[in-house]
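Visitor: No letters, just coordinates:
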Ligand SMILES: Nc1ncnc2c1ncn2[C@@H]1O[C@H](COP(=O)(O)OP(=O)(O)OP(=O)(O)O)[C@@H](O)[C@H]1O
Ligand SMILES: [Mg+2]
């Protein structure tokens, strides 16, 4: 295993996860798709002025193009002529198409390789070294992505509460005097910068997985923004480590493997997460249904014997007739009630126990928000 | 000039193919946009990759039918997963699209490595499958595109009333006893069909543009769904034909991007210059309104029955001069012109 | 009585559709004011343009003779429901504490004291047992209470509330109105968009009848007359214009 590649993958994941949480919550997931494609145009334009593929100006050009992309999409939405995703779908193919045409006409013979843009080249990051004072201190990409990670952590620490407020409740943010525009474009700049650095490493399509996946997964587990961020970062690290490990072991495409794992980990979370997962949702619904049937049965007895008939037990036959349930349903709910000792069955005359009475009172309050004696 | 004939022949084929695709993508894309699922085409076209590669791995054939089937199956699986995510999580629609798009595409990359390793040289061709090359459209493809597009259009015509109702108000549609699941499936199937036949010819990026831009452009010209769909098809057709033609006569320009540019120009023109909804028309209308409103505010004061003492005599003289009011025995009466102007100011209707 | 809110010559239009006409209002300090009018009368628009969320065509609004930007921290606004993302990962106590963000300013974190205030506010709306719930797990009325608590911690002098009683049961409604009366006792000014004509007299001491323009404005006892109400709910400037096209 190559520790340098692993580190690059991990830090790419961390930065993507952080910014991804904000983007997903801000309903801008597909904008990552747009930015990671249009960044190419920024690179091409910057390259027209500074024909050096390793120049940092290319990153700046790409980041600015990301901002322009978002700005154009918002401009379209603001005219109320289209909704957000249609606007995205209009703007980014346009900018991407321009870049492909520019590459095809002006830079046919240079190394601006479109395949590399779409698929990334994490396998090769180790060959591009950062040499400081004649000393090789590691791959360049690692330092770039490390820098961005630190930048994002600083940004989200300093502006945590502002970001939270702007995403959650824009109108309150405005009335409290927080500049929504500033926070918004700060997030977009962060996203753009991250997307640019990351797509150079994992490719423009897999950037989307790294940004959206951990965030969506973390949202299955968490009920606070801060925890969502922490969990997303943890999941991002897990996904990229496992993805790289599998890719290394079975000799697969690293970025492909990471994004496959990202999707899988989301699906696992969707199914198994406590309280929000599919399994627990279904179980909860099932339990609720049981509860409800039980309540219906016991409440009927309660009404009958406590309200109308002064503590007199109700005959089994009468109950089963009055409830109008199917035979099998009645038997199963009834057995359940007796098993839980909510009911006393004396010669087919039924009476609530103290537990049964408590159950009726509690559940009735829970479902109908109404106290009963 | 010697190969003019052959260029011409290829040209016709390519133009025809892109044109036909433009028609069906424009039509079904308009429906997707109105359902707020504009980017589904983008997601699906990426998500077909693992299907294509898997079909190749399993059958060892590069037969077009086999690969198309693989693509279609992958698309169906991804649509189902998206539906599942929508049903069971609170993840927003765009996030689930993004997840599926990238996850499936990544899985496709992983599978591609397997193909590569098995030493099969045709791997490059598989990759091209979803990035598309319009210049490689063949006569047989055009026939195929034509048949499938015809099928799509026929189905849309057949279920037109239902589609319209469903898109407009799903809940109400259901209450009338129609199956919303059925219609949803129909629309998604048509979408998948277009994507699957389209990507190989024009590639993923153009595919999503072809499904979105015509719909956005046509929306600016009419509020009627049928007109929208027809116009969108027309825009798809025009840009497909024009784009393919331009790129064919200037070889350095790849077809896909040129078509996208033509589409974008159509969108820009529609946004700015369409009557009634156009940005320019509306901006001018709003600013004229605002200016008129400020200028003739005293008239509204009079109409509203407000205290007239706040009006200066210059203001009153101005209104009289403009023939908007007339004074008779200390009673101010609004003239027909004045009423007309008030209607404009208060009703927003000229 | 000092004037808390002074609205002068306010005219608002969306595109070419006029919504508010020449609104002139003086709202004294320390009153509980209801804004009443039919759907689409411009009630929400009036509030939004008062706090600069919408740009008017003409006119201005002053708070204690100050422009809104300079006195923003003294003004709290509770929007009509549905303006936030209910699936956002945040808890009740967290949402309430957001009310303090304005006074905290950039970079600073909410302190223990802020959190304590938030819990106090939650107690006032009888929601403290839900403090650690995620907001999506609350009922509509409970969500409304949380937003009210958030407005309380803002500790403002002027409150704007857009239909706080919407979708709320009678118990909650009573609880909210008690709170609003408390605010009034502290000499704060509370402006509430209200829909239920039957309760105006019980709940409020001033009322503004609005339908594109101000039909009547003043103490409830004086202006909340049958005739004014009828005028508000029947008169639509445009309809009137069409009926007798020569005024
Ligand atoms: N963003 C907007 N764009 C265009 N028109 C709008 C917009 N917001 C409101 N309107 C229109 O302005 C008018 C007044 O709206 P407003 O929301 O102020 O009414 P309201 O009195 O609060 O009504 P409700 O009782 O339904 O809340 C309505 O006719 C509405 O259609
Ligand atoms: Mg309103």
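Guide: Perfect, thanks for sending it. Please read all numbers here as calculations on a predicted model, not as lab measurements. Ligands and ions are numbered 1, 2, ... in the order given.

Visitor: what pairs with the host helix or strand of residue C:18, and is each one parallel or antiparallel?
Guide: Using DSSP states H and E, residue C:18 falls within strand C:17-28. Strand C:17-28 has the following sheet partners, assigned by DSSP bridges: strand C:3-14 (antiparallel).

Visitor: buried ones in the partner strand?
Guide: The neighbour-count check on strand C:3-14 (16 or more other Cβ atoms under 10 Å in any protein chain shown) flags C:4-5, C:7, C:10-13 as buried. Just so you know, the C-beta spots here come from the backbone N, C-alpha and C atoms, and that holds for glycine as well.

Visitor: hmm, back to that, ok, the strand holding residue C:18 near ligand 1 or not?
Guide: Yes - interface with ligand 1: strand C:17-28 contributes residue C:19 (Cβ under 6 Å from any ligand atom).

Visitor: hmm, the following helix or strand past that strand touching ligand 1?
Guide: Of the helices and strands lying after strand C:17-28 in sequence (DSSP H and E), the nearest is strand C:32-36. No - shown here: strand C:32-36 not in contact with ligand 1 (Cβ under 6 Å from any ligand atom), separated by at least 8.3 Å.

Visitor: helices or strands next to strand C:32-36 in the packing?
Guide: helix C:43-50, helix C:170-185, strand C:189-194, helix C:200-203, strand C:206-211 (3 or more Cβ pairs under 8 Å, 6 or more residues apart in numbering or on different chains; DSSP states H and E).

Visitor: Name the residues linked to residue C:78 by a beta bridge.
Guide: Under DSSP bridges, the beta-bridge partners of residue C:78 are residue C:161.

Visitor: Which is the succeeding secondary structure element to the least confident helix or strand in chain B by mean pLDDT?
Guide: Counting by mean pLDDT, DSSP states H and E, chain B has its least confident helix or strand at helix B:123-131, which shows a mean of 62. Downstream of helix B:123-131, the next assigned helix or strand under DSSP H and E is helix B:139-158.

Visitor: Can you check which of the helices and strands packed on strand C:32-36 gets nearest to residue B:23?
Guide: Nearest of the helices and strands packed on strand C:32-36 to residue B:23, taken as Cβ to Cβ: helix C:43-50 at 44.3 Å.

Visitor: Which residues outside the closest one are in contact with it?
Guide: C:5, C:7, C:10, C:12, C:19-20, C:23, C:35-37, C:54-56, C:61, C:68, C:77, C:80, C:160, C:162, C:191, C:193, C:210 (Cβ atoms under 8 Å, 6 or more residues apart in numbering or on different chains).

Visitor: Now do the strand holding residue C:18, average pLDDT.
Guide: For strand C:17-28, the mean pLDDT works out to 87.

Visitor: ok, now stretch A:222-237?
Guide: Mean predicted confidence for stretch A:222-237 is 94.

Visitor: so what are the domain limits for chain A?
Guide: Taking automatic domain parsing as the criterion, chain A consists of the domains A:3-275, A:280-368.

Visitor: Out of those, which is closest to chain B?
Guide: Within these, the stretch nearest chain B is domain A:3-275; the backing value is 2.6 Å (Cβ to the nearest Cβ).

Visitor: Doesn't residue A:82 lie inside a helix?
Guide: No - counting by DSSP: H, G, I helix; E, B strand; the rest coil, one finds residue A:82 to be coil, located in no helix.

Visitor: so where's chain C shaky on pLDDT?
Guide: C:81-82, C:235-247 (pLDDT under 70).

Visitor: tell me the centre residue of it?
Guide: residue C:161 (2.0 Å; Cα atoms, centre = their mean).

Visitor: Is chain A within reach of the helix or strand containing residue B:113?
Guide: Assigning secondary structure by DSSP H and E places residue B:113 in helix B:93-117. Yes - with Cβ under 8 Å from any Cβ of the partner chain as the criterion, chain A is reached by helix B:93-117 at B:94-110, B:112-113, B:117.

Visitor: Repeat that for stretch B:245-261.
Guide: Yes - interface with chain A: stretch B:245-261 contributes B:252-254, B:256-258, B:260-261 (Cβ under 8 Å from any Cβ).

Visitor: contact partners of that stretch?
Guide: Under Cβ under 8 Å, 6+ apart, the answer for stretch B:245-261 is A:93-94, A:96-98, A:100-101, A:104-105, A:108, B:7, B:10-11, B:14-15, B:18, B:22, B:132-135, B:202-203, B:205-206, B:209-210, B:213, B:239-240, B:242-244, B:262.

Visitor: Can you give me the pLDDT of residue B:305?
Guide: Taking residue B:305 on its own, its pLDDT is 64.

Visitor: go on, residue B:132?
Guide: On the pLDDT scale, residue B:132 gets 60.

Visitor: likewise residue B:164?
Guide: Predicted confidence (pLDDT) for residue B:164: 89.

Visitor: tell me which of the buried residues of strand C:3-14 is nearest to residue B:294?
Guide: The nearest one, if we look at those relative to residue B:294 and count by Cβ to Cβ, is residue C:11, at 8.5 Å.

Visitor: what sits opposite the closest one in the beta ladder?
Guide: residue C:58.

Visitor: which residue is nearest the centroid of chain A?
Guide: For chain A, by Cα atoms, centre = their mean, the most central residue is residue A:216; offset 1.3 Å.

Visitor: in a helix, that's where residue A:75 is, yeah?
Guide: Yes - applying three-state DSSP, one finds residue A:75 inside a helix.

Visitor: okay, now it: neighbour count?
Guide: Residue A:75: 13 surrounding residues under other Cβ atoms under 10 Å in any protein chain shown.

Visitor: Any chance of the buried residues of strand C:3-14 in JSON lines with distance to ligand 1 as columns?
Guide: Output for these, formatted as JSON lines (distance: Cβ to the nearest ligand atom, whole Å):
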{"residue": "C:4", "distance to ligand 1": "21"}
{"residue": "C:5", "distance to ligand 1": "17"}
{"residue": "C:7", "distance to ligand 1": "15"}
{"residue": "C:10", "distance to ligand 1": "13"}
{"residue": "C:11", "distance to ligand 1": "13"}
{"residue": "C:12", "distance to ligand 1": "8"}
{"residue": "C:13", "distance to ligand 1": "9"}
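
Visitor: per-residue pLDDT, residue A:35?
Guide: For residue A:35, pLDDT reads 90.

Visitor: okay, now the nearest residue in space to it that is not next to it in sequence: neighbour count?
Guide: Leaving out its chain neighbours, the residue that sits closest to residue A:35 by Cβ to Cβ, 6 or more residues apart in numbering or on different chains is residue A:66, at 4.2 Å. Residues within reach of residue A:66, counting by other Cβ under 10 Å, total 28.

Visitor: Return the residues in contact with residue A:66.
Guide: Residue A:66 neighbours (Cβ under 8 Å, 6+ apart): A:35, A:38-39, A:42, A:188-189, A:191-193, A:195-196.

Visitor: Is it within a helix or a strand, and which one?
Guide: helix A:56-78.
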